[in-house]
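Colleague: Could you look at this predicted model? Sequence included:
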Amino acid sequence: MAACVQEQQANTLETLRELADLVIPFALRAACDMGIADHLIAGPLHVEKLAGKVGADPSSLWRLLRALASRGIFAEDQHGIFALSPVAELLCGDHPLSLRDGLALIGPDLAAWAYVDYSIRTGQSAFDYIHGQSYYDKLARDEDFRELFDRSVETQNRIMLRPLLAAYDWSGCGTIVDLAGGTGVFLAGLLARYPQLRGVLFDLPHVVSRAPPVLEAAGVTERCAIEPGNLFDAVPTGRDTYLLKTVLHDWPDARARRILDVVAEAMRTDSRVIVIEALLPSGDAFHIGKLLDMNSLVLAAGPDRDESHLLALLSSAGLEHRRVVRTATLAILEAASARRTSHVDQVSKQSQALLEALLDRATLAATLHPRLRREGNTRIQPSLAPHVPGLRPIGRRSQIREEAGALAIRAGVA
Ligand SMILES: C[S@@+](CC[C@H](N)C(=O)[O-])C[C@H]1O[C@@H](n2cnc3c(N)ncnc32)[C@H](O)[C@@H]1O
């Protein structure tokens, strides 16, 4: 009996050591950074040759690959000759589910993780503490960091696109505003799959400036507008669907609430908001979100939330949830405005009335005024258009239409 308990404890100890191991995660990332798997696509290679191709010390590369092969990542065919294993195939750049760029060693992240205890003691971001600036401020200033981040986000989106498209019927979403949508990888994939949808990509100016090639590659440029802006100030108004995909978990409750307030203010009463986040299960069950949540804490001091926490946050911003659809990793939450009339609806009504009045006046003027008739009904009297700010007193009807249209666009109804 005692021997049995001791054996169990020895096994547990082994499991614990494996869980606490740093070697495999770092070795795996180094192999990805060097593109080892890509060099083995054509067939097994001797480590000497492989080292020449990737610019490594042969003996050290052999030690790296031997360690990884002992865990099933790569296979050592014969002494010193390495091949792809089924796991290593997922590290090839051209695999549809490739994780190669999703495991890049991002220096600033690693430096922050070395201070995880700071976050645990204070509840603050170790990243901000170490780098003296927030994650997104550093991304704005450090081009190498930003490039690795973009590649990692692109990888995550490529992997997540299929389950997220399969889990939810996006066909009735009209125009989707992807808030903090990065360089548009997810939105581009969504629009490519649903030709009837239109999109608006919204993110910080230096981020959306890198979106055009992404939209172009997906063939959706014509259906996708790009709007730079700050989530905490204002977002495009009066659209059908607002998407917040893995955005709220970057922010503590007060900041997340501010984002939701800005979105709720921009929505029409019949708009919907779709929030995509990991929803953490209670209890000890494993969920990848519980690990992502640690990343959110260390890098940004934001939490990944459980369902009731997220719903309470939505409700505090006047958003009532309609349904939750879960996938293996992320969940899709749909919510609508709880208000009967929204600010945008009011502005929209006023603006439409204004537009109608304006065109009526132009028509009336063109019909009644003798000189207008002579000039082919193209001009209106100064006295007939004094009510609209910014409208010049005499203008062509097309100009009046344009200005009225501009007003409507400013008010978010066109
Ligand atoms: C975790 S990424 C998520 C990107 C995208 N939604 C996705 O799921 O791939 C967070 C995004 O928030 C953007 N962001 C951060 N602060 C922002 C702000 N104040 N206004 C607008 N976007 C912001 C970042 O540029 C980044 O693209």
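Modeller: Structure received.

Colleague: and the residue lying closest to Arg326 once chain neighbours are set aside, how far is that from Asp109?
Modeller: On the basis of C-beta to C-beta, 6 or more residues apart in numbering, the spatially nearest residue to Arg326 that is not a chain neighbour turns out to be Leu279, at 6.9 Å. To be clear about C-beta, it is placed using only N, CA and C from the backbone, and glycine gets the same treatment. When distance is defined by C-beta to C-beta, to the nearest Å, Leu279 is 24 Å away from Asp109.

Colleague: Please say which of the two ends up with more neighbours.
Modeller: In this view Leu279 and Asp109 are compared by other C-beta atoms under 10 Å, and Leu279 has more residues nearby, 23 against 19.

Colleague: Please, where are all the strands along this structure?
Modeller: In the chain, the segments counted as strands under DSSP state E are 45-46, 75-78, 81-83, 175-179, 198-203, 224-228, 241-245, 272-277, 319-326, 331-337.

Colleague: With respect to the ones you listed, which exhibits the lowest mean confidence?
Modeller: Mean pLDDT values for those show the minimum at strand 75-78, a mean of 91.

Colleague: other SSEs contacting that strand?
Modeller: Under the contact criterion of 3 or more C-beta pairs under 8 Å, 6 or more residues apart in numbering; DSSP states H and E, the helices and strands touching strand 75-78 comprise helix 58-69, strand 81-83.

Colleague: Looking at those, spot the one closest to the ligand.
Modeller: Taking C-beta to the nearest ligand atom as the criterion, helix 58-69 is the member of the helices and strands packed on strand 75-78 that comes nearest to the ligand, at 28.7 Å.

Colleague: Can you list the buried residues in the closest one?
Modeller: Neighbour-count burial for helix 58-69, counted by 16 or more other C-beta atoms under 10 Å, picks out 61-62, 64-65, 67-69.

Colleague: follow-up on the earlier one: export the helices and strands packed on strand 75-78 as JSON lines, with columns for distance to Leu291.
Modeller: Written out in JSON lines, the entries for the helices and strands packed on strand 75-78 read as follows (distance: least, C-beta to C-beta, whole Å):
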{"stretch": "helix 58-69", "distance to Leu291": "21"}
{"stretch": "strand 81-83", "distance to Leu291": "29"}
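
Colleague: need the residues of the stretch 101-250 of the chain near the ligand, please.
Modeller: Listed as neighbours of the ligand in the stretch 101-250 of the chain under the rule C-beta under 6 Å from any ligand atom: 136, 153, 157, 180-182, 186, 203-204, 207, 230-232, 245-247, 250.

Colleague: Model confidence score at Asn221, please.
Modeller: Actually, residue 221 is Thr. It isn't Asn. Among the per-residue scores, Thr221 holds a pLDDT of 98.

Colleague: list the contacts for it?
Modeller: Counting by C-beta atoms under 8 Å, 6 or more residues apart in numbering, Thr221 makes contact with 212, 215.

Colleague: For it, give its distance to Asp128.
Modeller: Distance of Thr221 to Asp128, given as C-beta to C-beta: 36 Å.

Colleague: Point to the helix or strand of this structure where mean pLDDT is at its lowest.
Modeller: helix 370-374 (a mean of 44; mean pLDDT, DSSP states H and E).

Colleague: For the ligand, what is the nearest residue in the stretch 251-400 of the chain?
Modeller: Of all residues in the stretch 251-400 of the chain, Ile276 sits closest to the ligand, at 7.2 Å by C-beta to the nearest ligand atom.

Colleague: What is the neighbour count of the nearest residue to that residue once chain neighbours are set aside?
Modeller: Once its chain neighbours are removed from consideration, Ile276 has its nearest residue in Lys245; the separation is 4.1 Å (C-beta to C-beta, 6+ apart). Neighbourhood size, Lys245 [other C-beta under 10 Å]: 22.

Colleague: didn't Lys245 look like it was pressed against Gly181?
Modeller: Yes. Taking C-beta atoms under 8 Å as the definition, Lys245 is a contact partner of Gly181 at 7.3 Å.

Colleague: Quick check: phi and psi on the residue most central in space within the chain?
Modeller: Nearest to the centroid of the C-alpha atoms of the chain, with distances taken as C-alpha atoms, centre = their mean, sits Gly181, at 4.0 Å. Geometry field for Gly181 lists phi and psi as phi -80, psi 10, criterion degrees, to the nearest 10.

Colleague: mind checking pLDDT for it?
Modeller: 97.

Colleague: ok, it - contacts?
Modeller: Residues in contact with Gly181 (C-beta under 8 Å, 6+ apart) are 187, 201-203, 243, 245.

Colleague: Also Thr122?
Modeller: For Thr122, no contacting residues are found, by C-beta under 8 Å, 6+ apart.

Colleague: Number the chain from 21, please
Modeller: Sure, I'll start numbering at 21, so the last one becomes Thr142.

Colleague: Against the ligand, how distant is it?
Modeller: 22 Å (C-beta to the nearest ligand atom, to the nearest Å).

Colleague: Right, and the ligand sits closest to which residue of the stretch 21-170 of the chain?
Modeller: Taking C-beta to the nearest ligand atom, the stretch 21-170 of the chain has Tyr156 as its residue nearest the ligand, at 4.3 Å.

Colleague: Done for today, thanks.
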